[in-house]
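**Student:** Provided below for reference: sequence and predicted model.
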Amino acid sequence: MPPEMPPGNLPCRLSFDGRTIHARPGQSVGAALVAAGVVAWRATRGEGRPRGLFCGIGVCYDCLITVDGRPDQRACLVPAADGMRLESGLAGRAADARER
């Protein structure tokens, strides 16, 4: 369990492109990714620019991600759940585009 997690609030374990990350109870998928140091999980079609959490309220669609096999889910609106499988749109791209 991450050290900043208060006792009694067990974290959710999520799988992001095969990597385990943790989420606090009630946290969105987008917030959990950012807290884990993941700043981008998809790229624009034309120029391949990295995208992740931007508006945080479901307006901009920059945070689209595949959740449990369902593509194009807004990470800022999806509540994290234990065992959730998250897949980026960056498969085959350099990891440094996702983590800073």
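**Tutor:** Looks like it arrived, so ask away. Residues are numbered from 1 along each chain as shown.

**Student:** and the residue lying closest to Asp68 once chain neighbours are set aside, bridged to which residues?
**Tutor:** Closest residue to Asp68 apart from its sequence neighbours, by CB to CB, 6 or more residues apart in numbering: Arg85 at 5.3 Å. C-beta here means a position set from N, CA and C on the backbone, and glycine is covered the same way. Beta-bridge pairing for Arg85 (DSSP bridges): Ser15.

**Student:** from Ala23, how far off is Arg85?
**Tutor:** In this structure, Arg85 and Ala23 are 13 Å apart, going by CB to CB, to the nearest Å.

**Student:** then Ala75?
**Tutor:** Counting by CB to CB, the gap from Ala75 to Ala23 is 11 Å.

**Student:** the two: who's more crowded?
**Tutor:** Taking other CB atoms under 10 Å, Ala75 and Ala23 do not tie; Ala75 has more neighbours (27 against 23).

**Student:** verify the stated contact: that one with Gly30.
**Tutor:** Yes. Here Ala75 reaches Gly30: they are 3.6 Å apart, a contact under CB atoms under 8 Å.

**Student:** now the common contact residues for these two.
**Tutor:** Taking CB atoms under 8 Å, 6 or more residues apart in numbering as the criterion, Ala75 and Gly30 both touch Gly52, Leu53, Cys63.

**Student:** so which of those is the most crowded?
**Tutor:** Cys63 leads the shared contacts of Ala75 and Gly30 on contacts (other CB under 10 Å) with 26 neighbours.

**Student:** would you double-check that Ala31 falls in a helix?
**Tutor:** Yes. Ala31: assigned to a helix according to DSSP: H, G, I helix; E, B strand; the rest coil.

**Student:** on that earlier part again, so what's in contact with Ala75 and Ala23 at the same time?
**Tutor:** Counting by CB under 8 Å, 6+ apart, the common neighbours of Ala75 and Ala23 are Val29.

**Student:** nice, that's everything, thank you.
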